[in-house]
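A.B. asks: pasting the structure only:
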């Protein structure tokens, strides 16, 4: 049932984008056009976001064919990889200087990796040396190969998204005094963090008052996260 669901998802992606088969994927975007679409997408333009998805589906197909070409579930893997692609598009920041293709490839591979890890958990006791697939050269791919990856992109992405969300919460959920104390205590303005005593001296209030406000503010942030 799950396999059928993934196939349906892949078919839906192709249908929405007007693509009949993976071979009909449009070519990658020129660098300048890609930057323009990212700027539009970040401003909320869904059409630009769909263009980025459409013109990068070829990368998903390439990764699946390269590493899982003999898999019986290649359509499922295209669907799973497409989820990674969409996550990459939504989280990519061109100003960081990285090439999108490199970043997206990591996200796509990581999404497939997490799928294999989930399958391993569902399979109860399975040998980590069990062959789960073969590469294009016929070499066996085992669970050990999957688990042993050193990619940390999932953790890095999760950490960055949580940080961005925490900063938004500081700006929107805290009152002026709470926000001021959190910014000073944790150095959010690129300044060195200060002790409660230093903050108290700076604001002309008691250290215990700073402690109470900080505790209340952290509770609000924790609830928001």
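C.D. replies: Yes, it's here. Just so it is clear, the structure is predicted and the values come from calculations on it, not from any experiment.
A.B. asks: what does stretch 84-99 rub up against?
C.D. replies: The set of residues that contact stretch 84-99 without belonging to it, under C-beta atoms under 8 Å, 6 or more residues apart in numbering, is 35, 38-39, 41, 49, 52-53, 56-57, 59-60, 100, 103-104, 106-112, 157, 160-161. Any C-beta I mention is one placed from the backbone N, CA and C, and that applies to glycine too.
A.B. asks: check stretch 173-189 too.
C.D. replies: If you take C-beta under 8 Å, 6+ apart as the criterion, stretch 173-189 is touched by 167, 170-171, 191, 193-194, 196, 198-199, 202-203, 210, 213-214, 216-218, 220-221, 224.
A.B. asks: so which of those belong to helices?
C.D. replies: Judged by DSSP state H, the subset of those located in helices is 167, 170-171, 196, 198-199, 202-203, 210, 213-214, 216-218, 220-221, 224.
A.B. asks: quick one, longest helix in this protein?
C.D. replies: Secondary structure of the chain read by DSSP H shows that its longest helix is helix 100-122.
A.B. asks: which strands and helices sit next to that one?
C.D. replies: Applying 3 or more C-beta pairs under 8 Å, 6 or more residues apart in numbering; DSSP states H and E, we find helix 100-122 packed against helix 57-68, helix 74-91, helix 143-147, helix 153-173.
A.B. asks: hmm, 10 Å instead?
C.D. replies: helix 2-16, helix 31-42, helix 57-68, helix 74-91, strand 131-134, helix 143-147, helix 153-173 (3 or more C-beta pairs under 10 Å, 6 or more residues apart in numbering; DSSP states H and E).
A.B. asks: pick out the shakiest of these, pLDDT-wise.
C.D. replies: Of all these, mean pLDDT reaches its minimum on helix 2-16 (a mean of 45).
A.B. asks: buried ones among the contacts of stretch 173-189?
C.D. replies: Buried subset of the contacts of stretch 173-189 (neighbour count, 16 or more other C-beta atoms under 10 Å): 170, 194, 196, 199, 210, 213-214, 217, 220-221.
A.B. asks: now, the most widely separated pair of those residues?
C.D. replies: 194 and 220 (20.2 Å; C-beta to C-beta).
A.B. asks: average pLDDT for stretch 183-199?
C.D. replies: Mean pLDDT, taken over the full extent of stretch 183-199, equals 85.
A.B. asks: same check, this time on stretch 206-214
C.D. replies: When the per-residue pLDDT values of stretch 206-214 are averaged, the result is 92.
A.B. asks: from residue 43, how far out is residue 94?
C.D. replies: Look at residue 94 and residue 43: by C-beta to C-beta, to the nearest Å, they are 13 Å apart.
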